[in-house]
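*Asks:* Structure for this input, please:
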Amino acid sequence: MDQKYSIPAAIVIAGALVAGAVLLTRTSSTRLAARVGNDSGTPSAGTEDAKITYRGIDATRDHVRGSADAPVTLLEYSDLECPFCKSFHATLKRALQEYDGKVRWVYRHFPLDALHPKARKEAEASECAGEQGKFWEYVDRLYEVTPSNNGLDAAKLPEIAKDVGLTVPAFETCLQSGKHAQRVADDLADAEKAGGQGTPYTVIIGPNDVTIPFSGAQPYDNLKPIIDQLLAGG
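*Replies:* Coordinates of the predicted model:
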């Protein structure tokens with residue numbers, strides 16, 4: 001059964017002003033592609049035959065913030081040294097707060113090595129924090145202190161661990177071991193498979209597996225109507 005989703009004209013105009021290029025498309029079944037040029041300066045656009053393939057969400061592996069039963073999922077692929085990811089992090093936190101119980105946020109790594117060589121090790125650091133149950137706290141704090149654009153001193157990583165209450169020696173042993181390097185590489189491969197061409201890149205997943213690619217650090221006012229329509233069933 002066809003499902004129709006439309007984005008208000010004002011949002012389309014706002015997205016065009018922010019990103020420079022907008023294309024909205026609807027397929028004949030349950031996919032809507034809304035690809036907007038990302039805020040890193042690289043335009044992107046959806047096509048009617050666009051297919052979003054991503055690794056299934058696994059609560060035992062993925063970092064999930066919000067209710068496991070939430071009908072809408074924000075699957076974010078992010079780079080911890082990306083300034084646009086830093087600003088979009090606040091946008092997703094706001095969405096989680098305003099749609100309590102209705103939206104969940106899943107974080108996956110998408111380090112852009114050519115731009116931010118430090119981001120990959122920072123991603124591994126966040127996984128080491130995750131071993132101690134502090135993944136989200138670590139990511140929140142890192143975004144607070146990093147100047148972005150590959151500007152965070154690696155010596156700060158243990159300091160951030162201390163700030164969020166980790167056992168620092170265990171954190172450092174984990175980080176030095178490189179044990180989470182493959183996890184980060186797997187996430188990066190998944191981001192590319194899902195169509196990510198820049199960061200932040202988010203796949204919005206709604207009821208009945210509706211999927212909407214959402215590129216760039218778009219403002220909350222662009223994200224909100226999409227969530228609302230998914231929750232309303234179109």
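
*Asks:* C-alpha coordinates for the lengthiest helix in the chain, CSV please?
*Replies:* Looking across the chain with DSSP state H, the single longest helix is helix 83-98. Provided in CSV are the C-alpha atoms of helix 83-98 (Å, rounded to 0.1, in the frame of the first residue of the first chain):
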residue,chain,number,x,y,z
PRO,A,83,32.2,21.0,13.2
PHE,A,84,28.8,20.4,11.5
CYS,A,85,28.4,17.1,13.5
LYS,A,86,29.1,19.1,16.6
SER,A,87,26.2,21.5,15.9
PHE,A,88,23.9,18.7,14.7
HIS,A,89,24.6,16.8,17.9
ALA,A,90,22.6,19.5,19.8
THR,A,91,19.8,19.2,17.2
LEU,A,92,19.4,15.5,17.8
LYS,A,93,19.5,16.0,21.6
ARG,A,94,16.7,18.4,21.2
ALA,A,95,14.7,16.0,19.1
LEU,A,96,15.1,13.3,21.7
GLN,A,97,13.9,15.6,24.5
GLU,A,98,10.9,16.9,22.6
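
*Asks:* so what secondary structure elements neighbour it?
*Replies:* strand 72-78, strand 103-109, helix 135-145, helix 220-232 (3 or more Cβ pairs under 8 Å, 6 or more residues apart in numbering; DSSP states H and E). C-beta here means a position set from N, CA and C on the backbone, and glycine is covered the same way.

*Asks:* Export the ones you listed to a markdown table and append columns for distance to Thr53.
*Replies:* Putting these into a markdown table (distance: least, Cβ to Cβ, whole Å) gives the following:
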| stretch | distance to Thr53 |
| --- | --- |
| strand 72-78 | 12 |
| strand 103-109 | 14 |
| helix 135-145 | 25 |
| helix 220-232 | 20 |
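
*Asks:* Quick one, which of those gets closest to Ala154.
*Replies:* Smallest distance to Ala154 across those (Cβ to Cβ): 11.8 Å, for helix 135-145.

*Asks:* Just want the angle from the closest one to strand 103-109.
*Replies:* 70 degrees (axes from the mean of the first three to the mean of the last three Cα atoms, to 10 degrees).

*Asks:* got the CA positions of helix 135-145 in PDB?
*Replies:* Output of helix 135-145 as PDB, limited to C-alpha atoms (Å, rounded to 0.1, in the frame of the first residue of the first chain):
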ATOM      1  CA  PHE A 135      29.600   6.100  25.600                       C
ATOM      2  CA  TRP A 136      27.100   8.900  25.300                       C
ATOM      3  CA  GLU A 137      28.600  10.900  28.200                       C
ATOM      4  CA  TYR A 138      32.000  10.700  26.500                       C
ATOM      5  CA  VAL A 139      30.700  11.800  23.100                       C
ATOM      6  CA  ASP A 140      28.800  14.700  24.700                       C
ATOM      7  CA  ARG A 141      31.800  15.900  26.500                       C
ATOM      8  CA  LEU A 142      34.200  15.500  23.600                       C
ATOM      9  CA  TYR A 143      31.900  17.700  21.500                       C
ATOM     10  CA  GLU A 144      31.900  20.200  24.300                       C
ATOM     11  CA  VAL A 145      35.700  20.500  24.400                       C
END
